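*Asks:* pasting the structure only:
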């Protein structure tokens, strides 16, 4: 039996590396929203049915994370789910889409891994929990067969969605305070704010371990939900969540390497 460890890179809000991003820190919010189970019905409803749990090996351990189908054959996730400075590239990566308890909509092993250029270099130069590494913390998986029968979640490389009044929703398969087998969702009460590069944070929500690589959906004025960011970091004191926002670089990565 595999012993799993849920993965979410730690973010130390207010630490020295974060000071490079802003002249004044974000003020604390009145209350913090924590992930709650979304339920099987939500997990099986589009576009949430495009989200799944990742199970993978790295080094001498087994880990879990989250990802989202963004192209017919491909899943978008956090780069730190796919590569580690000590363990190298992850192996035996299984994506269980629409997981709810003991059943899922589909289950498939990845055949190819891609990590955004610059991520490994920044991890080696700084460290994996540094915002300058988080700014590149994006990766993708390619599968031999369509992951969701050809369907995929809509995405939009438009960081303005994260900073504006658009309703936001962060999702993933957390395994810190939950089993890891049920989709979790948490709704920010404040917009995300940029830290450095494409790394943004939000002090109104907590990102649970295992949700790493899960999507941030933004609802545009057309009423549709678009994937606008990927959860990459979290902090317990003070509670916060950090994401790698989708921008032009991320869009080029998705279009060029994922299919």
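*Replies:* Alright, I've got the coordinates. Predicted, not measured: the structure shown is a model, and the values here were computed from it.

*Asks:* the stretch 1-150 of the chain: helices as residue ranges?
*Replies:* With DSSP state H, counting those that start in this stretch as the criterion, the stretch 1-150 of the chain has helices at 40-43, 119-125, 131-134.

*Asks:* okay, buried residues for the longest helix seen in the chain please.
*Replies:* Ranked by number of residues, the top helix in the chain under DSSP state H is helix 248-257. Neighbour counts over helix 248-257 (16 or more other CB atoms under 10 Å) mark 249-250, 253-254, 257 as buried. C-betas here are computed from N, CA, C, even on glycine.

*Asks:* same question for stretch 100-118.
*Replies:* Buried, per 16+ other CB under 10 Å, within stretch 100-118: 100, 104-106, 108, 110, 113-116, 118.

*Asks:* now the end-to-end length of it.
*Replies:* 35 Å (CA to CA, to the nearest Å).

*Asks:* give me the contact list for it.
*Replies:* 39-40, 43-44, 49, 52-53, 75, 79, 82-83, 89-90, 92-98, 136-145, 147-148, 181-183, 249-250, 253, 257-258 (CB atoms under 8 Å, 6 or more residues apart in numbering).

*Asks:* which non-adjacent residue is nearest residue 31?
*Replies:* Sequence neighbours aside, residue 189 is the residue nearest to residue 31 in space, at 6.9 Å (criterion: CB to CB, 6 or more residues apart in numbering).

*Asks:* hang on, the earlier thing: buried ones among the contacts of stretch 100-118?
*Replies:* So, by 16+ other CB under 10 Å, the buried ones in the contacts of stretch 100-118 are 43-44, 49, 52-53, 75, 79, 82-83, 90, 93, 95-98, 136-143, 147-148, 181-183, 249-250, 253, 257-258.
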